[in-house]
Structures are given as structure tokens and as C-alpha cells.
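Undergrad: my questions concern the predicted model and sequence given below.
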Amino acid sequence: MPACKGENMYPNSLRSSLLLGAALAAAIPSMAYAQDEALSDDATTEQPGSGDIIVTARRRTETAQDIPLAVTVLGGQQLADTGAFNVGRLQQLAPTLQFYSSNPRNTTLNIRGIGVPFGLTSDGFEQGVGIYIDDVYFSRVAAATFDFLDIQQVEVLRGPQGTLYGKNTAAGAINIKTNQPTFDFEGTAEVSLGNYDFKQARVAVSGPLSETIALRVAASATDRRGTIRNVRTNQNIQSLDNLGLRAQLLWQPSNDLKITLAGDYNKQEANCCGSVFVRTVATQRPLNRQFAALAAAQNYAPPSTNPFDRLSDLDSTLRAGNVIAGAALRVNWDVGPGTFTSVTAWRYWDWLPENDRDFTGLSIVSLSQNPSQQNQYTQEFRYAYSGKTFDFVVGAFAFDQRIDTQGLEGQGAAASRWSIAPSNALSNDPTVLNGLIARNTQYLKSTSAAVFGQLSWKVTDAFTIQPGVRLNYDKKSGFYQRRVFTGTGTELTGRETDARSRAQLAIFQPQLTTPEDTDWNFTYDLTLSYELAPDVLAYGTYAKSFKTIGINQNGLPTDAAGQPIAAAGAIRPENVDHFEIGVKSRFWDRKATLNLAAFRTDIRDFQATVVNGEFGVLRGFLANADKVRSQGIEADFSVQPSDRFTAYVNGAYTDAKYERFVDAPCPPELSGGTTVGAGQTPSAPGTPGGLSPANCDISGQRLAGVSKWSFSFGAQANAPGNVFGQAGEFYLGYDGSYRSDFSSNASPSAATRIDGYSLSNVRAGFRSDDGLNIFAWVRNAFDANYFEQLFIAPGNTGLIAGLPGDPRTWGATVSVAF
């Protein structure tokens, strides 16, 4: 997803230097390419001469086809060739991955339809899909919006990962490995240019400082003009403006000991994050309080009713300033019969947003910003042993996090007419709501500790039993205070009774809450695997997993008297039962690979986001849905009949639904009316001035954001050639993806259904034997119109806004390895 842009927060000279440095390096193709003699903690992506893909998904070096686990492995070269330069673009290559982002903080990353609830993000719950970079856990999914930097490979692990990874994740994990320092001098440089003023430069250099010390430094800069035109500000929004820096220092005093100190700094400052008008839907509000009447009363019309004109008129300042940085110390020590690993890490996140939350060009919500700062400390110890009959990994993990947030929400000059009923004379007085401010102060303290382990017992050469266990402790405590001030600076207590104050308190209510909770969880898994024939592995897994407790960190829902409901402060942990069977096979002299997996995941007490459409109450809070189920079938096929041709097809059928959720938020068609009373029957959907249910039963409905069918497919062919005296190969590649329709709202609605779509990417170029690579590329080659997300505007007015996906983009890339 595009990061978001205001003024550049780092000097243009730095970006220019990166671009110039990469261009100069790319202009020296005669430099000799040194084969990687990586003294990394892990093997390279492909074992030379074997075609085996090497992974560290189980905390030891193995081939992907030999592990009883559903995993997608994407090498650094494939990521570069396909333009998948961040996690968001991985879903075009990994069909079971779902990624949605309206801004870096409100980012959803799921696997097989589960992970976190679709919608507004809360700091009060954990991620269901873990992101690990060089064994360091990233607790904030905003990291998924940054550019990959000097990546060796990405492993997408499907299913619970609790008995091998420090932080338990109930849906899966993304394990990212970067290239490590080397004792031979080597480097890469890359420059890309494209339409929408796209510019990207990446550089990485590695080499020795002494016989025992090696250094690797990498940098990346990406810049692109936005794809949506804001006609009010004459700016292009949804731009890209990313900077990334990483340095790693390796000390290897002996063959048995490697100590690596790593640091990174990543910054985004783009013009983002906006939306366009998509449609309106009839709600149960009176007609004079639905979008058409409210807009007409203020002589407002959106700049276009065709969302793919890509026109917006948002009047509030947009910003998504985003800094993620950190440092880590990794120790790998071959001691005794195994390897001891220690990973000590600190992560920092600074989030500086400004949003337009009314999705219009009217000054209704004039301010919506919740800047926050996170500090995270983790410590992981592991000991891994591999023997003839037994392999095992045992470990301990500690996690401490604090997030501080300073929120500011404000109403504008158009708010009174928009939010107060026309029958109330105050609706004609702009001063009632203009300047009304809510100041939110909050913090979250989260502590977690765990011990875990997994054993592989090779009963015979063909049959392996693999049990695993985890004991986990979590503690969360929070603080939330909302103070409300009128446009004249008077603070409201919530006890005022005059009409003007009551109209203001219908928008913002003061609140003070201090939720907290603790929990212990014991979980386990068991995998049986059997080699049916050479290169044919069958496996079956049962995992008893969990997703830890959550707290309502953004305030609590209130009762009829307007008091916070204390019991809603904490939400129960998810209770997960996961079943999976699979077959991994290679055939045709190992030129072809076919992997199949079938799974079912049952979740009790699913952690859901409950969204309320009114301005005057919390827009979203956490609650438990009784039961959710995700099941499906996956297939991954690849073939390489010769060095001149490769092809792949990956597909997934995912049936994810609420098995029981009887008190879910209602879709817009059933919202906005008078709440139904005892003995009354709710009105039909879309009945103006009707009776709305307090909540809705969506049992049996599909989970949001999940396509039943998703595919990725592609091929690449090459032929020997010669350019400027450089021997090499010409190549032509194609990568496609397809997703069937899905819901963009937690409670399914025709108004927020996103139609299925297919994307096609093409590239053609020349790659020399000495490391020079020049190619042209086109992404979304057929200029498909599609939405990444749809949003329900607050106030139950029936307005639906959306974020269109990128249009056709094209450009060229030059890279060199030396």
C-alpha cells in the first residue's frame, strides 16, 4: 500500500545521493561478480546444483520439500523481478496471504483468512500473523508497509507457529531473511524509473574489515507521485516516499561463534492516505439525514461519482509520517552437539498521522490524528540439536512493549448541519460543533514470556513423529482518557443538561478507563510425516493454539446512562484447534514440484472489531465472536523442464466464515434507525426512518477480506544472447494473479462487496553472465479497475468511500551485482 506524504522529512540530497550512487554502480558492468561466500546464519535460497530451496522455517537449515509444513518461499531475485518490494505486494505471489492497508497503522495481514479482525486497528490486541526479520519479532504490522531491504528470501508459513517461534502466532508467520555480511567483497546496485514519476534506488555492499570482522551496509529509496488527484488541494495523494537504511557488523572469532550487531532505520513521509467517492446505500436513517439530502443542504457534490476517475476533494490535511527503527544483537554458538542462539532486540515506532475521516470535501471531521510512539524489547534464547534419530529445538522468549498515544479529534464548520437532526434548530448554528475537540491520552503496557520446544523423532528412515509444546504468560494494562472541549475552550464534564452541550456530547463523550488483564496458556502440536516414496512426503498436523488476551485500548462502549461498561475492558484469548494434511512431491527427474494441503481451523472466542457508525461513540472496539471457522485446499505447482523455461501455478480455496456471531455490528442497510424495542420488529433493510436492530446475527456469513478463490501464476523463458560484448540471456516473464470477490466490512453487505479481479505483470530484459540485468516492466498491464478497500463513512449516512488499486504502471530497471 502506498505510504502517505506531506513535506519531505529527510533532505533531498540524501535521496539524490542514493540514486546517483546506484546509477554509477550500475554503469560499471565490467566489474567482476563474486560468488556469495556468505558467512550467514542460514543457507542461501537455492542450494547450488540441486534445485533445492533452503529454508529456516523450523529454526534449522532444511530443504523446503523435506519439512512437513505448508510454506511459500520467495527468493530475493524473484521479489526484485516481480516488483514485490514490500509485504503488501506479496499477496500477488502467495494466494493464501491477505493484505489490506488504509494507512500504515490500519494495516491487516492475514493468512487463510485469519490473523486480526478486518477494520480499524487497535493496539490492544496481538497480531495473528507474526513478522520476523532475521529472527526479530515486529509487533506492529506497520512494518509490512516498508520496502524490503537487501532481502535473501521470504518464507510465508501457513498455520499456527507457537512451538518454534518466540512470539506465538495462531495464523502463520512471515519469516524474512536478509543477506548477511561476507568476508569476500561484493555488492549490488539497482535503479528503477517509471511513470507517475516513479524512482527507486537500492544499494548493498559487503566485505571484510579484518580477518574476523565483516560489514554489510544497504540502503533503499523509493519515490512516486500519487495515483489519486485531490482537486481541492491540487495535489496527488497515495504517493510513495520511503527511505531505508540497514547496517550489519559480523564478528567471527572462530568457526564456532558468530556475533552480529544489526541496526536499521526506515522512514515514510508521503502524501496519503485518502479515498474517493464510490457509491451511496440506503440506510435506516430518515431521508433528510442520509447522504443525498445532507450534501444537497450544503450544496456539496463529490468531484466524480466514478471512483476510477481517481478524483478526491478531501479538505483536511493528510499525513502518514512513519518511522520504524531498531537494533539487534544475534549470537550463534556451536556448543556441544548443537547450536545456541541468542537474539536481543529493541524496536521503535513513531507514528504521525493526519486523516480526513468524513471522506468528503466538507469540514465535518476537521481533525483526526492519533500519533503514537512504541518501544519494544525482546529477548530470545534457543538451542537446536540435529542428530541421526532425534532433532530438537528448545527456547525461551521475553517481550516488553509500551505504546503512548496522544489523540486529537475535531469537528468543523459543516458538522452542525451534518450531524444534528434538521428538526433541531441547533443544526443551523455552525458554532455548536465547529471547533469541538476531543483530546485522547492513552498508553499500553504489554509483557509476555514463554518457554517452547519441538522434537523430531525419526522412528524409521521414512516415518517421523514431531511433537511440540509452549507455555505462555501475558499481561496487559492500559490507560485511556478522553477530554472534550468546545470551540470556546470550555471543557465538558459529561454532566451538562442544556441543549447545546447535549448536542456536543452526542459527538464526543469524556471517558476515563484503565483496562488490564493477565493470562496463562499451555498449547501443543503434533505432526506425523511419512516418506511415501523418494521425493514424496505426506504429513498430518494437529495444533492446539491460541491468540492471547486483548484489552480495549481505545476506550469502552457505554451503557444507557453513558457510563463505560467495565466488563468490556478485556477480551478473552482465542482458542484455536487446527488440523492439516498435506503431500509434497517432486517428479520428472525433479524438474517439477507439486504440493497439496488441506486444512481446517476452528476458533472459539474470535477477537472481532465491533464498529459503530455514529460520530458520537467509539468508532470501533474489541469483542469476542463465539466461533469462526476457516477451511480450504491449497496447491502449489512449479516446473522447470530446462534452464530456458520455468512456470508456476499456485491456488487456494478458502472457506472462512462466522459459525456463530449473534451480536455483531449491523451492515449499513440495517443501521441508523431508531433502536428496536421489546416486542418490535426491525424494519426491512434500507427503510428510511425505520427500526434498526441493536446488533445483527451474521452466523454463517463469510469473514471479511477473504476471497474463496485466489491464484497466482506465471512463466519465464530465456534465450542466450550478447549485448555490448556481454554474454548472457534475453528473457521474457509474466506473473498473474486472481482473487474472487470479498467483503470489505466485518458484517457482509452488498454495499461493501468488492468484485473479483485479475492482475497481469510483464517484464522483458537481458541478464549478463557478469551480473548486469536490464529489463522493462509493466504492472497491471491491462489497466484493471479494482478496489483494495471500501469504507463506510461515519454517521450512518450511507456514504461508501474506497481506495482504488494502482492503475497500469510501467518502467525500467538496471541492476548490477559485483
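TA: All right, it came through fine. Quick caveat: nothing in here was measured; it's all calculated off a predicted structure.
Undergrad: correct me, but residue 195 touches residue 812?
TA: No. Judged on CB atoms under 8 Å, residue 195 makes no contact with residue 812 at a distance of 10.7 Å. Heads up, the C-betas are built off the backbone N, CA and C, glycines and all.
Undergrad: from residue 711, how far off is residue 110?
TA: Distance, residue 110 to residue 711, using CB to CB, to the nearest Å: 18 Å.
Undergrad: neighbour-wise, which of those two wins?
TA: residue 110 (27 against 18; other CB atoms under 10 Å).
Undergrad: for the stretch 451-600 of the chain, give me the ranges with low pLDDT.
TA: By pLDDT under 70, the weakly predicted segments of the stretch 451-600 of the chain are 560.
Undergrad: could you pull out the strands for it?
TA: Applying DSSP state E, counting those that start in this stretch to the stretch 451-600 of the chain gives strands spanning 463-485, 491-492, 511-513, 516-533, 536-547, 550-551, 570-571, 574-587, 592-611.
Undergrad: what strands flank the fourth one, and is each parallel or antiparallel?
TA: Each strand paired with strand 516-533, and its direction, by DSSP bridges: strand 463-485 (antiparallel), strand 536-547 (antiparallel).
Undergrad: just the C-alphas of it, formatted as CSV.
TA: This file holds the C-alpha atoms of strand 516-533, laid out as CSV (Å, rounded to 0.1, in the frame of the first residue of the first chain):
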residue,chain,number,x,y,z
GLU,A,516,-6.0,-4.7,32.4
ASP,A,517,-5.8,-8.5,32.3
THR,A,518,-3.4,-11.4,32.6
ASP,A,519,-3.5,-14.9,31.2
TRP,A,520,-1.6,-18.2,31.1
ASN,A,521,-1.8,-20.5,28.1
PHE,A,522,-0.4,-24.0,27.5
THR,A,523,-0.5,-25.2,23.9
TYR,A,524,0.9,-28.0,21.9
ASP,A,525,1.0,-29.6,18.4
LEU,A,526,1.8,-32.9,16.9
THR,A,527,2.9,-33.7,13.3
LEU,A,528,3.3,-37.1,11.8
SER,A,529,5.2,-37.4,8.4
TYR,A,530,5.9,-40.3,6.2
GLU,A,531,8.0,-40.5,3.0
LEU,A,532,5.7,-42.5,0.7
ALA,A,533,8.4,-42.7,-1.9
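Undergrad: chain center to that strand: distance?
TA: Remark: strand 516-533 is offset 24 Å from the chain centroid, using CA atoms, centre = their mean, to the nearest Å.
Undergrad: how about stretch 452-467?
TA: Here stretch 452-467 is found 33 Å from its chain centre; the criterion is CA atoms, centre = their mean.
Undergrad: so where do the strands sit in the stretch 651-800 of the chain?
TA: For the stretch 651-800 of the chain, the strands defined by DSSP E, counting those that start in this stretch cover 674-675, 691-692, 709-723, 726-739, 742-743, 753-754, 757-768, 772-779, 787-792, 799-804.
Undergrad: and those strands as a markdown table, adding mean pLDDT?
TA: Converted to a markdown table, these look like this (pLDDT from 0 to 100):
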| stretch | mean pLDDT |
| --- | --- |
| strand 674-675 | 81 |
| strand 691-692 | 84 |
| strand 709-723 | 97 |
| strand 726-739 | 97 |
| strand 742-743 | 96 |
| strand 753-754 | 97 |
| strand 757-768 | 97 |
| strand 772-779 | 97 |
| strand 787-792 | 95 |
| strand 799-804 | 97 |
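Undergrad: so which of these is nearest residue 453?
TA: strand 709-723 (34.3 Å; CB to CB).
Undergrad: who are the packing partners of that closest one?
TA: Counting by 3 or more CB pairs under 8 Å, 6 or more residues apart in numbering; DSSP states H and E, the packing neighbours recorded for strand 709-723 are strand 645-660, strand 726-739, strand 757-768.
Undergrad: what pairs with it, and is each one parallel or antiparallel?
TA: In its sheet, and by DSSP bridges, strand 709-723 pairs with strand 645-660 (antiparallel), strand 726-739 (antiparallel).
Undergrad: what's the closest of the ones you listed to residue 627?
TA: Closest to residue 627 of the strands paired with strand 709-723, according to CB to CB: strand 645-660, at 4.2 Å.
Undergrad: ok, back up a step: just the strands of the stretch 451-600 of the chain: most buried one?
TA: Counting by mean count of other CB atoms under 10 Å, strand 550-551 has the highest mean neighbour count of those, with a mean of 26.
Undergrad: related to what we said a few turns ago, just put the strands of the stretch 451-600 of the chain in CSV and tack on distance to residue 363.
TA: CSV is the format used below for the strands of the stretch 451-600 of the chain (distance: least, CB to CB, whole Å):
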stretch, distance to residue 363
strand 463-485, 18
strand 491-492, 21
strand 511-513, 25
strand 516-533, 38
strand 536-547, 40
strand 550-551, 34
strand 570-571, 35
strand 574-587, 41
strand 592-611, 23
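Undergrad: buried set for stretch 412-431?
TA: Within stretch 412-431, the residues that qualify as buried by neighbour count (16 or more other CB atoms under 10 Å) are 412-420, 426-427, 430.
Undergrad: among these, which ones are in helices?
TA: Those of the buried residues of stretch 412-431 mapping onto helices are 415-419, per DSSP state H.
Undergrad: residue contacts, residue 429?
TA: residue 416 (CB atoms under 8 Å, 6 or more residues apart in numbering).
Undergrad: and the most centrally placed residue in the chain, how far from residue 169?
TA: In the chain, the C-alpha nearest the mean C-alpha coordinate belongs to residue 109, at 3.7 Å (CA atoms, centre = their mean). Note on residue 109: its distance to residue 169, by CB to CB, is 11 Å.
Undergrad: mutual contacts of those two, please.
TA: By the contact definition CB under 8 Å, 6+ apart, residue 109 and residue 169 are jointly contacted by 127, 129.
Undergrad: in this model residue 493 seems to touch residue 483, though I could be wrong.
TA: No. Contact between residue 483 and residue 493 fails when scored by CB under 8 Å: they sit 9.7 Å apart.
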